[in-house]
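1. sequence-free structure coming up:
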């Protein structure tokens, strides 16, 4: 009977450990940086929530922010689409991304920053977009900074929406891949 209690106990804990990395929903409603786009995302537990310095970054979460060998960051950004593509519907974006080289066009922009790999068409809460990962390199004064990333971009009405996870350590980023997927799948556009 005792071994059976252990099995039951482990099975009861399994949902807590598998889904325990996400907290309650955070909403962009009323956030001026969201530019009128309302969305919700579950908060990653163990991360410090911060307001972002840049104008298009709506919210960011940081874990181990004082240790470059462990730091991982999640950012959510919203930009207005250029006027010439505002008003495109889901079908037009799907056609462009899947069949007319749209993902390649966006991948070229990411490649200018460093590397872009594994680009593929995705849908997030029924909106078309793409996934891409790689690394970017930048300079600050005389330092070259390399950051590895996962990115999902979707086209929601007149907005370009991004969720982005990054770390200067590739192994740290890779160890958080399942969290990135869970966070992305938690996003809803009410």
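-> That came in fine, so what should we check first? Since the structure is predicted, the reported quantities are computational estimates derived from the model, not experimental observations.

2. what residue lies at the spatial centre of the protein?
-> Central residue of the chain (CA atoms, centre = their mean): residue 163, 2.5 Å from the mean position.

3. now the element after the helix or strand encompassing it, going C-ward?
-> Assigned by DSSP states H and E, residue 163 falls within strand 159-167. Where DSSP H and E defines the elements, the next helix or strand beyond strand 159-167 is helix 170-175.

4. so which residues of this protein form strands?
-> 22-27, 40-44, 48-50, 57-63, 72-80, 114-124, 127-140, 143-156, 159-167 (DSSP state E).

5. among those, which comes closest to residue 90?
-> strand 127-140 (5.7 Å; CB to CB). The way it works is simple: take the backbone N, C-alpha and C, and place the C-beta from them, glycine included.

6. quick one on the thing from earlier: now do the contacts for the residue nearest to the centre of the chain.
-> 41, 74, 75, 76, 151, 152, 180, 183, 184, 187 (CB atoms under 8 Å, 6 or more residues apart in numbering).

7. and of those, the nearest to residue 92?
-> Closest to residue 92, out of all of those and judged by CB to CB, is residue 152, at 19.4 Å.

8. measure that closest one to residue 64 for me?
-> Per CB to CB, to the nearest Å, residue 152 is found 23 Å from residue 64.

9. more neighbours: these two, which one.
-> Taking neighbours as other CB atoms under 10 Å, residue 152 and residue 64 compare with residue 152 leading, 22 against 16.

10. that one touches residue 127, doesn't it?
-> No - assessed by CB atoms under 8 Å, residue 152 is found out of contact with residue 127, at 10.4 Å.

11. dump the contacts of residue 163 to CSV, plus distance to residue 132.
-> Formatted as CSV, the contacts of residue 163 follow (distance: CB to CB, whole Å):
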residue, distance to residue 132
41, 19
74, 16
75, 15
76, 16
151, 5
152, 8
180, 12
183, 16
184, 13
187, 17
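
12. which of those residues sit farthest apart?
-> Taking CB to CB, no two of the contacts of residue 163 sit farther apart than 41 and 151, at 14.8 Å.

13. the more surrounded of those two?
-> Neighbour totals were compared for residue 41 and residue 151, and residue 151 leads with 24 against 21 (other CB under 10 Å).

14. for that one, name its beta-bridge partners.
-> Note on residue 151: beta-bridge partners by DSSP bridges are residue 132, residue 164.

15. ok, it - contacts?
-> 110, 131, 132, 133, 162, 163, 164, 165.

16. swap the cut-off to 7 Å and go again
-> By CB atoms under 7 Å, 6 or more residues apart in numbering, the contact set of residue 151 is 132, 133, 162, 164.

17. my guess is the second one meets residue 147, correct?
-> No - at 11.6 Å, residue 133 does not count as touching residue 147 under the criterion of CB atoms under 7 Å.

18. ok so, going back, by neighbour count, which of the contacts of residue 151 wins?
-> Using other CB under 10 Å as the neighbour test, the contacts of residue 151 are led by residue 132, with 24 neighbours.
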